[in-house]
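Trainee: sharing a sequence plus its predicted fold:
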Amino acid sequence: MLIKVYGSAVFGVEATTIVVEVNIDRGIGYHLVGLPDNAIKESNYRIAAALQNNGYKIPGKKITINMAPADLRKEGSAYDLTLALGILAASDQIKSEKIAQYLIMGELSLDGSLQPITGALPIAIKAQEEGFKGFILPKENAKEAAIVGNLEVYGVENIKEVIAYFDEGKPLARTKVDTRKEFQESLNFPEFDFSDVKGQESIKRCMEIAAAGGHNIILIGPPGAGKTMLAKRLPSILPPMTLHEALETTKIHSVVGKVKNMGLMSQRPFRNPHHTISSAALVGGGSYPQPGEISLSHNGVLFLDELPEFERRVLEVMRQPMEDREVTIARARFTVTYPSSFMLVASMNPSPGGYFNDPDAPVTSSPIEMQRYLGKISGPLLDRIDIHIEVTPVPFEKLSEEKKAEPSVEIRKRVTAARELQTKRFKVLEHVHYNAQMNTKQIREFCILDDASKALLKNAMDRLNLSARAYDRILKVARTIADLEGTTDISGNHISEAIQYRSLDREGWLG
């Protein structure tokens, strides 16, 4: 008897429906075809034990299972439940009338209980698109899949529940999520708030500008100056995520199994990888490509602490994704693209010892050592960072103040207002939503300078020997400063402030 059961495979952040065809005929043997990986090939041992421990068995006949499309590589243990139900239905151990109406996924334990899977959200989206009545999956993934409306989602703990549903009509508990309501209720602020930061008013101003325009920023200063503390608080002043951004972000985290029992992500991600990270872990990759840290920080913040300590080749692979806001991983048989529109926040010490031209510092470095240290970061990468700012230690008087600093909620209001101006400005452009995303053509259109501002910028370009890319960065930042003030035109004040935020371009910065 031939039975068709439906599962799904995830490639990138999109799912593809897999038809599992189970045919049972006279003879002996178990043949699994359709490019399964080792985890799927081993499934017959898990399925046999799970069925036996629940009063069923794999029939002693010739079983042929095809996973179509047969030329598409399938991986992982999430097909266990799909294969098991197909075998039961094909051998007439359970009724099969309704089984083709559902997409079924789950990893089996030997006692028949179900382990969570990855990629539940993209699979649920595909199931809805293709008109499946429902999606049966492990209970831990049910809330994540239930984000998708108009799809019946059933979270189950054991294969016995699924068998009872198809064979006896015993109802399963449907998981329902009011996505919009839960999303709105969870738009609270993270635990880190700018009101905790003493002093550092100029740095807070930089962070506000960076958040308002989506600009990349690098903080340069000695240990203990507050670089990490400031970076961790940046998500608290970014505009709240839209429902579309939340769905997009949740899909990426679903692919790597980071959304169990969580549902829709409402907070912008903050990723802080260690400097020993490999290029594949940072940008994504592997034999079966997975999203890397830059994709997991999509719509959020990627914080690279101690930037010069990262391997140079690891940093260099970030250059194209930073420009294109997506990363493409090519393999011989297929290509996967992950979105990677993130804000880069980097921090670094100005020298190997950490202290910059401070005669009282415990460790000092010569200008040559400092040049060599800074030389670990390539010029093209620094050019892609819009704002460079020096962070100096906070004096005792500021640290001991009882007065609270301005809270994140107030800064966020100004940032959101500036972003709304940019949304209106770029409403006819499909892939541009804020100033940092402008290309050269759009910069020439939206960053028009008067003669005085042009002269000021020309003088700075000549004196600092800035590249054409740095010129564009200054104009973008100036546009954002003007947006924060709510002005249409860019003035000389905006240009001069933007020029100040190119610390690493200034001659004599190393003393």
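Mentor: In hand now; what should we look at?

Trainee: tell me the contacts of the closest residue to residue 333 other than its chain neighbours?
Mentor: Spatial nearest neighbour of residue 333, excluding adjacent residues (Cβ to Cβ, 6 or more residues apart in numbering): residue 73 at 7.3 Å. For every residue, glycine as well, the C-beta is placed using N, CA and C. Neighbour list for residue 73: 35, 37, 288, 333 [criterion: Cβ atoms under 8 Å, 6 or more residues apart in numbering].

Trainee: same question for residue 301.
Mentor: Contacts for residue 301 (Cβ under 8 Å, 6+ apart) come out as 231, 234, 235, 238, 268, 269, 270, 271, 342, 343, 345.

Trainee: which element is the first one on?
Mentor: Translated: residue 231. Taking DSSP states H and E as the definition, one finds residue 231 inside helix 227-232.

Trainee: contact partners of that helix?
Mentor: 192, 196-197, 200, 203-204, 207, 219, 221, 270, 301, 303, 305, 345, 347, 391.

Trainee: picking up where we left off before, now, of the contacts of residue 73, which are buried?
Mentor: Buried members of the contacts of residue 73, scored by 16 or more other Cβ atoms under 10 Å: none.

Trainee: Throw the residues you listed into JSON lines and include distance to residue 25, pLDDT and secondary structure, thanks.
Mentor: As requested, the contacts of residue 73 are arranged in JSON lines below (distance: Cβ to Cβ, whole Å; pLDDT from 0 to 100; DSSP: H, G, I helix; E, B strand; the rest coil):
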{"residue": "35", "distance to residue 25": "22", "pLDDT": "92", "secondary structure": "coil"}
{"residue": "37", "distance to residue 25": "26", "pLDDT": "93", "secondary structure": "coil"}
{"residue": "288", "distance to residue 25": "33", "pLDDT": "79", "secondary structure": "coil"}
{"residue": "333", "distance to residue 25": "32", "pLDDT": "74", "secondary structure": "coil"}
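
Trainee: next, format those residues as CSV and append distance to residue 431.
Mentor: Formatted as CSV, the contacts of residue 73 follow (distance: Cβ to Cβ, whole Å):
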residue, distance to residue 431
35, 35
37, 36
288, 28
333, 28
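
Trainee: which two in those are spaced the farthest apart?
Mentor: Among the contacts of residue 73, the pair separated by the greatest distance (Cβ to Cβ) is 37 and 333, at 13.7 Å.

Trainee: surely residue 17 touches residue 104?
Mentor: No: when contacts are counted by Cβ atoms under 8 Å, residue 17 is not listed as touching residue 104 (11.5 Å).

Trainee: any shared contact partners between those two?
Mentor: Shared contacts of residue 17 and residue 104 (Cβ under 8 Å, 6+ apart): 6, 7.

Trainee: who's more crowded, these two?
Mentor: Neighbour totals were compared for residue 17 and residue 104, and residue 104 leads with 27 against 17 (other Cβ atoms under 10 Å).

Trainee: how about the secondary structure of the nearest residue to residue 8 once chain neighbours are set aside?
Mentor: The shortest distance from residue 8 to any non-neighbouring residue, by Cβ to Cβ, 6+ apart, is to residue 123 (4.3 Å). Counting by DSSP: H, G, I helix; E, B strand; the rest coil, the backbone at residue 123 sits in helix.

Trainee: what is the burial count for residue 123?
Mentor: Neighbours of residue 123 (other Cβ under 10 Å): 29.

Trainee: adjust the sequence numbering to begin at 3 for everything that follows.
Mentor: Will do, 3 is the new start, and the previous item becomes residue 125.

Trainee: can you tell me how far it is from residue 131?
Mentor: According to Cβ to Cβ, to the nearest Å, residue 125 stands 11 Å off from residue 131.

Trainee: touching, residue 497 and residue 457? I think so.
Mentor: No: if you go by Cβ under 8 Å, residue 497 and residue 457 don't touch, sitting 9.9 Å apart.

Trainee: ok, those two, which is more surrounded?
Mentor: More crowded of residue 497 and residue 457, by other Cβ under 10 Å: residue 497, with 25 against 13.

Trainee: which elements pack onto the helix or strand hosting residue 426?
Mentor: In this structure, residue 426 sits in helix 410-427 according to DSSP H and E. Secondary-structure packing of helix 410-427 (3 or more Cβ pairs under 8 Å, 6 or more residues apart in numbering; DSSP states H and E): helix 203-215, helix 470-487.

Trainee: the following helix or strand past that helix packs against which elements?
Mentor: The C-terminal neighbour of helix 410-427 among helices and strands, as given by DSSP H and E, is helix 442-448. Using 3+ Cβ pairs under 8 Å, 6+ apart, the elements in contact with helix 442-448 are helix 470-487.

Trainee: which element is residue 9 on?
Mentor: Here residue 9 is assigned to strand 4-13, by DSSP H and E.

Trainee: would you mark the buried spots in that strand?
Mentor: Across strand 4-13, burial judged by 16+ other Cβ under 10 Å covers 5, 6, 7, 8, 9, 10, 11, 12, 13.

Trainee: with stretch 369-389 instead?
Mentor: Judged by neighbour count using 16+ other Cβ under 10 Å, the buried positions of stretch 369-389 are 372, 375, 376, 379, 383, 384, 385, 386, 387, 388, 389.

Trainee: from those residues, which two are the most distant?
Mentor: Pairwise over the buried residues of stretch 369-389, using Cβ to Cβ, the maximum falls at 372 and 388, 23.2 Å.

Trainee: now do residue 338 against residue 7, distance only.
Mentor: Residue 338 is 26 Å from residue 7, where distance means Cβ to Cβ.

Trainee: among the buried residues of stretch 369-389, which are in helices?
Mentor: Among the buried residues of stretch 369-389, DSSP state H puts 372, 375, 376, 383, 384, 385 in helices.

Trainee: what is the nearest of those residues to residue 66?
Mentor: Sorting these by how near they are to residue 66, with Cβ to Cβ, puts residue 383 at the top with 53.7 Å.

Trainee: ok so, going back, just the contacts of residue 75 now: which is nearest residue 483?
Mentor: For those, the closest approach to residue 483 (Cβ to Cβ) belongs to residue 290, at 44.7 Å.
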